[in-house]
Structure formats: C-alpha cells, structure tokens
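K.L.:
build the 3D model from these lines:
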Amino acid sequence: MSTESPQETVMEPAADRRPVVIVDDVHVEYKVFATGKRPSAADRRSLKQLRVKGKQMRTVHALKGVSFTAYANDSIGVIGTNGSGKSTLMRAIAGLTPTSRGAIYSQSRPSLLGVGAALLKDLSGERNIILGGLAMGFTLPEIEARYDDIVKFAGLEKFIDLPMRAYSSGMTARLKFAIASMATHEILIVDEALAVGDRTFRQRSEARIRDIRDNAGTVFLVSHSMQSIRETCSRVIWLDQGTLMMDGETDEVIKAYHAAQDK
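P.N.:
Residues are numbered from 1 along each chain as shown. Here you go, the predicted model:
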C-alpha cells in the first residue's frame, strides 16, 4: 500500500488526566530465516555459518520509531493491515517483546488479553476458571463469587463441565475473555478477542471494556472490526508497515485509513 508521508494528530490531554503509558521512539527488529521462520537457539550463529548450511537470515523492522502517550481513561483502538506491527506494539507495551531502540514507560504492568492466552485443554471450563482466577491473585471465595457471572458472560452454561478440548475456538476465546476481564485492570490490552463470538457476545465484551475504562483504566483494542473500534474507542492509532501514520479521534483516523486503502 502506498501512502503519503506520515501524519499525526496530537491528542491534547485534559488538565486532570495523567499519562499511564509513554511509548518513546520505539523500534523493534528481529531476525528470521529467508523462509519466514525465526531461528531456533541452536541456529543463532553468524550469517556466514547460516549461508554455509543453505540458510540466510534477514532483519525485519517491525516497528519504526513509534511514539505516543496514553492517558488514564483512554480507550485506544489500534488499526492497520496484517503485518503492520499492531501485535508487536502491544507485546512490546506488555513487556513480552523487547525493544531494539527507544523505551516504553508504564505506570503499572499492562495486562495482555489475547486469544492466545493459555488454558489447559484436558481440564474442564470450570477448572480453568478456578486456575485462571488463582493465577490472577483471587482467593477461592472470590472466584466462587464471580463464577456464575463468568460462565454466563461466556455463554457456556451447557458446556462448562466439559473438557476444553471439546470447545470450539470461539467458545475457548469467549471463556478466556470472561476469565481475564473479571479482574480490574489499570492497563488492559485486548488483541482481536472481540473478533470471535456472535453479536451478543461482542456487545457484552464492548460493554465490559467501557466499564474497565470508566473505572480509571486505560484500554488498547487491536481489531480489524471498525464497528467495534467505533463503539468502544475514543481514540485510534493507525500503523502501517511499522510506522505510526496517525493518532487522533476515532472517526477522523478511520476515515483516513479507509481513504488510504482505496488508493
């Protein structure tokens, strides 16, 4: 996709708002084989040695000098085509992907909620709720008090006693979201979790995100659904090939994004 030079709309914070995440000139680079696979630990040798083995490494510049500040109560949509760096940016903010240059500062540890969160397939949904709650620091009585709401939120009343391996990918993702969102997060990152499930579940999820935001939380939502972005986010960041193209009000950024796609 060809675009004009990057543009940015600076979001001015209200006087009573406080910064909770600062992304300062962040670059992320990683190496892959020419086949597209990342090298294993055993293969991390010099480029010359890899060529002898018939393999070549290349550097992928996934993020290129991204900078912005997120404030308390922000709900920030993150948009861009596949491969634009959205998930890399979210993983960097969560501390899971190291930056090559630049820095990320956060007031508290961000919580990354994505469809890849681990659940144990051999255990029932019920047992996974208990284990997930314990992992987030809840006591058994606290988990018990939230249990019915989690099951209802996920829409799994008829299936909660079945092993997770019997669940569809959509059922699994709904349960992951329901478990993870039962906690109060100061900084929550949602990566494509709303792309699964029917309209009713998406509406429940969007309402839950707004509740988190309204309780002094900051939410990042990565999604290809512009409807979910519009209904949930007050601000949008647009990435293209690792570059921050625009940061501004939701409708303004989505309009510019669609115009670029139509070129």
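K.L.:
and residue 159, backbone torsions?
P.N.:
phi -130, psi 0 (degrees, to the nearest 10).
K.L.:
what's the burial count for it?
P.N.:
For residue 159, the neighbour count with other Cβ atoms under 10 Å is 18. In short, each C-beta sits where N, CA and C put it, glycine included.
K.L.:
show the pLDDT at the residue nearest to residue 241 when sequence neighbours are not counted.
P.N.:
Closest residue to residue 241 apart from its sequence neighbours, by Cβ to Cβ, 6 or more residues apart in numbering: residue 84 at 6.1 Å. With respect to pLDDT, residue 84 has a value of 93.
K.L.:
and what of residue 206?
P.N.:
Looking at residue 206, its pLDDT stands at 79.
K.L.:
just residue 262 next, same as before
P.N.:
For residue 262, pLDDT reads 83.
K.L.:
mind giving me the packing neighbours of the helix or strand that contains residue 259?
P.N.:
Here residue 259 sits within helix 250-261, counting by DSSP states H and E. When contacts are defined as 3 or more Cβ pairs under 8 Å, 6 or more residues apart in numbering; DSSP states H and E, helix 250-261 sits against strand 75-79, helix 226-232, strand 235-240, strand 243-249.
K.L.:
circling back to that earlier point, now do the same contact list for the residue nearest to residue 241.
P.N.:
For residue 84, the contacting residues are 239, 240, 241, 242, by Cβ atoms under 8 Å, 6 or more residues apart in numbering.
K.L.:
I'd guessed residue 160 sits against residue 128; true?
P.N.:
No: the criterion here is Cβ atoms under 8 Å, and residue 160 misses it with residue 128 at 9.3 Å.
K.L.:
can you say which of the helices and strands packed on helix 250-261 is nearest to residue 121?
P.N.:
Between residue 121 and the helices and strands packed on helix 250-261, the tightest spacing by Cβ to Cβ is seen for helix 226-232, at 27.8 Å.
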